[in-house]
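>>> pasting the sequence and the predicted model now:
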Amino acid sequence: MGACRSPRRRAPIHPALPRPSSEAILRRGIFSWRGGVSSDDVIARVHKASRGLPRAVNNLAVQALIAAFAAGAYIVEDKAAWAAVVEASSE
């Protein structure tokens, strides 16, 4: 008799978030530190680049925070968000 194989489990695929949900995650969660974000352009850039996928939203937001910190800023500006998107797209 052959060995029983269990069916391969796949990780669940999360649907893309609508922009208001991405904005809530970013404003109340990741970007809720000292300064926050400089404008809605930052949120729009992160949402568009991540295509609303929750994990990508988080990863881009963290990269934007790192870019802002490296620049010595307390606010995530569009330049930091742009740097995060460029770095993520080059990987």
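Great, that's in hand.
>>> can we go C-alpha only for contacts and neighbour counts from here?
Fine.
>>> dump stretch 43-57 to PDB, keeping only the CA atoms.
Output of stretch 43-57 as PDB, limited to C-alpha atoms (Å, rounded to 0.1, in the frame of the first residue of the first chain):
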ATOM      1  CA  ILE A  43      -1.200  57.300   1.300                       C
ATOM      2  CA  ALA A  44      -2.200  57.300  -2.300                       C
ATOM      3  CA  ARG A  45       1.300  56.300  -3.500                       C
ATOM      4  CA  VAL A  46       1.500  53.400  -1.000                       C
ATOM      5  CA  HIS A  47      -2.000  52.200  -1.800                       C
ATOM      6  CA  LYS A  48      -1.400  52.300  -5.600                       C
ATOM      7  CA  ALA A  49       2.000  50.700  -5.500                       C
ATOM      8  CA  SER A  50       0.800  47.900  -3.200                       C
ATOM      9  CA  ARG A  51      -2.400  47.400  -5.300                       C
ATOM     10  CA  GLY A  52      -4.300  47.300  -1.900                       C
ATOM     11  CA  LEU A  53      -2.700  43.900  -0.900                       C
ATOM     12  CA  PRO A  54      -2.500  44.000   2.900                       C
ATOM     13  CA  ARG A  55       1.000  42.500   3.200                       C
ATOM     14  CA  ALA A  56       2.300  44.900   0.500                       C
ATOM     15  CA  VAL A  57       0.700  47.900   2.200                       C
END
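>>> list the buried residues in it.
The neighbour-count check on stretch 43-57 (16 or more other C-alpha atoms under 10 Å) flags 43-47, 49-54, 56-57 as buried.
>>> inside helices: which ones of those residues?
Residues of those located in helices (DSSP state H): I43, A44, R45, V46, H47, A49, S50, P54, A56, V57.
>>> thought L53 was touching L17?
Yes. Checked against C-alpha atoms under 8 Å, the pair L53 and L17 is within contact range at 6.1 Å.
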